[in-house]
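A.B. asks: here is my input; please provide its structure:
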Amino acid sequence: MMKMKKVRVDLFMAALMVGWLSFSPVAAACSVCFGNQEDPMVQGAANGVLFMVGVTYAMLLGMGAFVATWFVRSRRIRTVHSVDAVQDDTTRDIE
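C.D. replies: This next block holds a predicted model:
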């Protein structure tokens, strides 16, 4: 029973701390977010975000293309080997 009481106190303290931190001035948005839309600092931040999103998508597309290339190559190799095996079997039957 004592353990259950401790868990409740811990949960209450955690909820109290989260509430306190979420309403503190430190958690407020920076001056760039509240600034003028035409300010060079805001435009630079927006361009930086777009650049990082572009880099992320480029990396994901590059990895996808790499995996697709390996998949296509493995299918081609498998097909060539299976055709060679069939040809070997037919030439043995003829001899």
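A.B. asks: mind checking the pLDDT average for the helix or strand encompassing Ala46?
C.D. replies: Using DSSP states H and E, Ala46 sits in helix 40-94. When pLDDT is averaged along helix 40-94, the result is 84.
A.B. asks: roughly how far is that helix from the heart of the chain?
C.D. replies: Distance, stretch centre to chain centre, for helix 40-94: 18 Å (C-alpha atoms, centre = their mean, to the nearest Å).
A.B. asks: show me what that helix is packed up against.
C.D. replies: The helices and strands touching helix 40-94, judged by 3 or more C-beta pairs under 8 Å, 6 or more residues apart in numbering; DSSP states H and E, are helix 31-34. All C-beta atoms are positioned from the backbone trio N, CA, C, and that covers glycine.
A.B. asks: please tell me how far Val53 sits from Phe66.
C.D. replies: 21 Å (C-beta to C-beta, to the nearest Å).
A.B. asks: also Arg76?
C.D. replies: 16 Å.
A.B. asks: just Met59 next, same as before
C.D. replies: In terms of C-beta to C-beta, Met59 sits 11 Å off from Phe66.
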